[in-house]
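K.L.:
Make a model of this:
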Amino acid sequence: MPRQPSARADDCVVRVRGVHFAVNARPVFEGVDLDIRRGSVTAVMGPSGTGKTTLLRLITGQLRADAGLVEVEGHDVSRLDRAATYAMRRRMGMLFQNGALLTDLDVYENVAFPLREHTRLPERLLRHVVLSKLQAVGLRGAWRLMPAELSGGMARRVALARAIVMDPELLIYDEPFVGLDPISMGMVLRLIRRLNDALGLTSIVVSHDVREITAVADACYLISGGRVAASGAPSALSASEREDVRQFMHGLPDGPVPFHYPAPPYLEQVEEAR
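P.N.:
Purely as a prediction, here's the structure:
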């Protein structure tokens, strides 16, 4: 069961305050505030195109906010030089949307890749670390398989083993359930909770799969319209009376979040094309 995150104000691994960010003059964030508590599983949700992955890029230093503050472990990410940014990233693990396995390497070498790049471990110790991480995700027996031989759920678990092989303090999941069947999704959900608690991690899970992620999250943030529309325990968001929050949490087709991308009137656009 999800546990309640610490209430201490100084126990934030990630702190975001008043963040504004735009792409080609189109606002993505217009004053986002959120805290990622140490030891918690925090879900970041929202409709497609609301900037969930962009938020992860701001946290990892791939992008810089136009205004506002993004702090990781008390350090302003925008002020870190290149070496400090890379050092910060080595304390993070990332599970990408599509797993991003290296197709020419087998399972063992995919998981070993970060260790070979960032450490000088002797081969015997490296082997022990890699196999222990594969054991944690239930795939030690698949160590010699190639990515093309894996199912979607197996590939995602191999990618998860690679994400934790450096023993990160912060583990980030970007849409970890995309394309998974119900059984594989259940496995990944269980792993998110179990690994977070067993390894003493802090986890950020970006997802639009409401029912699944709220089952294991300690806290949730719903981003809509460039801001945090709601935050708190999953039960609080599910009971919210805000129309945009209700629309997303309950999958309602009608509401303030539009289906159509902004466009001129249809007939006007047709006439312009002539």
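K.L.:
Where does Arg193 sit, in terms of helix or strand?
P.N.:
Using DSSP states H and E, the element containing Arg193 is helix 182-198.
K.L.:
Give me the residues contacting that helix.
P.N.:
With CB atoms under 8 Å, 6 or more residues apart in numbering as the contact definition, helix 182-198 has outside contacts at 2-3, 39-41, 136-138, 151-153, 156-157, 160, 164, 171, 173, 176-177, 180, 201-203, 205, 209, 212-213, 215-216. For the C-beta atoms, the positions are set from N, CA and C on the backbone; glycine is no exception.
K.L.:
Let's see that with 6 Å instead.
P.N.:
For helix 182-198, the surrounding residues in contact (CB atoms under 6 Å, 6 or more residues apart in numbering) are Val41, Gly153, Arg156, Pro176, Phe177, Ser203, Glu212, Val216.
K.L.:
In strands, which of the residues you listed fall?
P.N.:
Counting by DSSP state E, those place Val41, Ser203 in strands.
K.L.:
May I ask which two of the contacts of helix 182-198 are separated the most?
P.N.:
Greatest spacing in the contacts of helix 182-198, by CB to CB: Val41 and Gly153 (19.7 Å).
K.L.:
In terms of neighbours, single out the busier of these two.
P.N.:
Val41 (27 against 17; other CB atoms under 10 Å).
K.L.:
who touches that one in this structure?
P.N.:
By CB under 6 Å, 6+ apart, the residues touching Val41 are Asn196, Ser203, Val216, Ala217, Asp218.
K.L.:
Relative to Asp181, how far out is the closest residue to it other than its chain neighbours?
P.N.:
Using CB to CB, 6 or more residues apart in numbering and skipping residues adjacent in sequence, the residue nearest Val41 is Ser203, 4.5 Å away. In this view, Ser203 and Asp181 are 22 Å apart by CB to CB, to the nearest Å.
K.L.:
hang on, the earlier thing: so which of the contacts of helix 182-198 sit within helices?
P.N.:
Of those, the ones assigned to helices by DSSP state H are Gly153, Arg156, Glu212.
K.L.:
Return the closest of the residues you listed with respect to Phe21.
P.N.:
Nearest to Phe21 among the ones in helices among the contacts of helix 182-198: Glu212, at 27.5 Å, using CB to CB.
K.L.:
who's in contact with that closest one?
P.N.:
Applying CB under 6 Å, 6+ apart, we find Glu212 in contact with Phe177, Leu189.
K.L.:
what's the spacing between it and Arg89?
P.N.:
From Glu212 across to Arg89, the span is 27 Å (CB to CB).
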